[in-house]
Each structure stands twice: as C-alpha cells, then as structure tokens.
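> have a look at this fold, sequence not included:
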C-alpha cells in the first residue's frame with residue numbers, strides 16, 4: 001500500500017474549508033482541467049454514505065469510478081473510499097486542523113494501490129504519486145485563490 005500526503009494552511013476557519021470541500025461542484029472547480037473530472041452522479045453536498053460517480057482522465061484514458069463517504073465528522077474530517085474504479089485500493093482522508101489564530105490546515109492523506117496486471121506495469125506507484133503531486137499543486141493554488149483571499 002502506498003501513501004500520499006499534502007498539506008495547505010489557509011486563513012479561514014475549518015467550517016468554511018470543510019463546507020467548501022463537502023460540495024462536489026467545488027472539487028471540480030479546483031481540479032486540474034486536464035483531469036477532465038465530470039460527475040455522473042453526486043449529491044449537492046456530501047454526507048455519510050453519499051456516493052459520487054464520476055469520470056476522470058488518467059494517463060491518457062478516461063476512467064469511471066464510484067467513491068463513497070465512509071466517515072463524516074463535520075468540521076474535522078471526512079473520508080472517501082473507492083467502491084468501484086481503476087485502482088486496486090483508494091482511501092482519501094480529508095482532515096481540517098484549526099489553529100488558535102483562526103486559520104485551518106487542510107491535510108489530504110491518500111492510501112492507494114496501483115491497478116494489477118499489465119496496466120499496473122504502466123500505471124505504477126511512482127507515476128500515481130507524481131500525478132498526485134501535480135494535481136494537489138493545482139488544487140492548492142485554486143484553494144488559495146478561492147479561500148485564501150490571495
């Protein structure tokens with residue numbers, strides 16, 4: 001199992017950051033355009049047990065996936081887990097840690113396993129980690145623009 005973690009501190013409170021990221025339409029807004037994220041089905045706002053069915057462009061191929069919210073503790077954290085999709089395993093924890101000055105650190109922790117078989121030879125852990133780095137750099141830039149009052 002591989003792990004990826006990204007952190008971003010924003011000058012807003014945990015409630016604002018959590019609420020923003022609990023809306024799938026906002027996830028699309030902060031995702032890299034070349035990712036081609038398109039929701040086929042998603043609630044207006046996430047909650048425990050909610051499912052998001054989406055398509056995403058990954059490594060030159062459009063893939064469909066379904067993620068379910070398996071933990072939801074507003075405004076501290078929520079977890080989404082791949083129910084159906086291209087990877088062997090995917091769990092994404094979204095953590096929101098407030099500080100004493102009214103800011104919040106958003107921590108994204110992803111545990112994943114590359115796909116098996118021949119595809120796994122091409123889409124290996126290193127390529128996935130590199131893609132996550134690039135994607136979260138873009139995501140953090142967008143979050144700073146939208147929530148960081150930059």
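Done, it's in. Just so we're clear, the structure is a prediction, and the values are computed from it rather than from any experiment.

> what segments of this structure are helices?
Secondary structure of the chain (DSSP state H): helices at 14-21, 24-30, 117-122, 125-147.

> which other helices and strands does the second one contact?
Contact partners of helix 24-30 among helices and strands, from 3 or more CB pairs under 8 Å, 6 or more residues apart in numbering; DSSP states H and E: strand 38-41, helix 125-147. Heads up, the C-betas are built off the backbone N, CA and C, glycines and all.

> same thing but 7 Å
Packed against helix 24-30, as judged by 3 or more CB pairs under 7 Å, 6 or more residues apart in numbering; DSSP states H and E, are the following elements: helix 125-147.

> buried residues in the helix it packs on, which are they?
By 16 or more other CB atoms under 10 Å, the buried positions in helix 125-147 come out as 128-129, 131-132, 135-136, 139-140, 142-144, 147.

> picking up where we left off before, and the helices of the chain, which one is worst for confidence?
Out of these, helix 117-122 stands lowest, with a mean of 59 (criterion: mean pLDDT).

> shaky segments in this structure?
59, 117-122, 149-150 (pLDDT under 70).

> biggest strand in it by residues?
The longest strand of the chain (DSSP state E) is strand 61-73.

> check which helices and strands it sits against.
Secondary elements touching strand 61-73 (3+ CB pairs under 7 Å, 6+ apart): strand 51-58, strand 77-84.

> and the first one, which strands flank it?
What it means is strand 51-58. Using DSSP bridges, strand 51-58 pairs in its sheet with strand 38-41 (antiparallel), strand 61-73 (antiparallel).

> give me the distance from it to the chain's centre.
On the basis of CA atoms, centre = their mean, to the nearest Å, strand 51-58 sits 11 Å off its chain's mean C-alpha point.

> what comes into contact with it?
The contact list for strand 51-58, computed with CB atoms under 7 Å, 6 or more residues apart in numbering, reads 24, 34-42, 62-68, 86.
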